[in-house]
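# Here is my input; please provide its structure:
(chains A and B)
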Amino acid sequence: MDFSFPKKERLTSKKRFQQLFEEGKQLTAFPLRMYYLPIQSNDEPKFKIAVVAPKRHFKSAVKRNRIKRLLRESYRHNKHRIFNNTKGQYALVILYLGKEMPTFDLVERKMHALFKKFLKTISDERPI
RNA sequence: GGAGCAGGCCACCUUAUCGCCUUGGAGACAAUGUUUGCAAGGAGGAAAGUCCGGACACCAUAGUGCGGCAUAGCGGGUAACGCCCGUCCACCGAAAGGUGAGGACAAGUGCAACAGAAAGGAUGUACAGUACGGCUGUAGUGAAAUCAGGUAAACUCUAUGUGGUGAAACGCCAUGUAAACCGGUAUUUAAGGGUGGCACGCCCGUGCUGGAGGGUAGGCGGAUAGAGGUUUUGGGCAACCAAAAUCCUAGAUAAAUGAUAGGGCUCGACAGAAUCCGGCUUACGGCCUGUUUUAUAA
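Numbers count the residues shown, from 1 in each chain, chains lettered A, B, ... in the order given. You can find the predicted model right below:
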């Protein structure tokens, strides 16, 4: 299984970010929230993703870094779950809504739940 | 040992697995990019606050004068400083030691509780002296009573310094339509306008000519080898300076340096580079050295 997380799979365009928050749909598995939006691009990978820890809740840069690392790590371990079961390309943002520092275990469990929801919603949206 | 004072050092370690960023050289695709595996490197003492000082870049809204602002014993260090070192003085402390808006009241203006006749255009009372002039001395209140009085973290004056903006600066490339955009040159300074608080000045015009511009948060440069670190020698009380040898030590851009599992110990605080340096300030765990004082209680 591919556990890598190269730069190409990251969401880096500011334009995309704006678009995602304005037009994207959201799913929540507290304390995680996902924004997603289908995209069309030939030379880009299946998913482009970014993680966010708001400054509002965590003033310390060290804590924000820690949360983002946990989220990235969790995504990296679990991305095969959505890679292998979807068609089309998506841009994703995963937001941490909580106000307390999470443990890795909690983030893992919530990430599973979030992906499950995501897969279900995607297949419902796609009448074949 | 207790209570202080000064200075220095460290910033959990380690193994495995899975990952991230940069650089180097190798292979493949193929044209300077993608990809595969390899090697090396990968946050701080404060990276923080953005409070001072510079480097660098751009802008006549950049110049000149006034104003404003900053600094303030004396001497030295430095690229520079409001920083650092030495030293005098004042204050705090039993001491080690610490603190410091420490220039000028002999330019002008203002202010001064209580006490006191009177507090800044002085001169009342008593006594004594007398050149008989509120002229001299003493007493009395007060921190201070005519003395070149005190006070400038009072206005003020003196000396020195000071343009503004800030890497989202700035330069280049790509995409792409016309005038507006920029440079050169000729000519005119009339009205009006712009301009960091004011004045002067400066800029804005038109013709010709050459180049290509606006908008875009695409890419590259700026951008990491530097007022650099370490050691030795020499100079200096010191801050620091000079010479030689040696080392290369993050460079991201929605932003890398991590996650999990095991082991160990003294059980890990504050905290994450963003153009780069020198300081200051604030947050904070631990260890060591020197030194002052106290005590013989365990």
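
# and residue A:75, how many neighbours?
Look at residue A:75: counted by other C-beta atoms under 10 Å, it has 21 neighbours. Where C-beta positions appear, they are placed from N, C-alpha and C, glycine not excepted.

# did I read that right, it in a strand?
No. Per DSSP: H, G, I helix; E, B strand; the rest coil, residue A:75 lies outside any strand segment and is helix.

# For chain A, which segments are assigned as strands?
Along chain A, the stretches classed as strands by DSSP state E are A:25-29, A:32-39, A:47-52, A:89-96.

# who's in contact with the last one?
Here strand A:89-96 makes contact (C-beta atoms under 8 Å, 6 or more residues apart in numbering) with A:11, A:16-17, A:19-21, A:24, A:31-41, A:44-54, A:57, A:67, A:71, A:75, A:102, A:114.

# Around RNA strand B, pick out the residues from chain A.
A:2-8, A:10-15, A:17-18, A:50-52, A:60-62, A:65-66, A:68-70, A:73, A:76, A:103-104 (C-beta under 7 Å from any atom of the strand).

# what separates the residue most central in space within chain A from RNA strand B, distance-wise?
When C-alpha atoms, centre = their mean is applied to chain A, the residue found nearest the centroid is residue A:94 (3.7 Å). According to C-beta to the nearest atom of the strand, to the nearest Å, residue A:94 and RNA strand B sit 11 Å apart.
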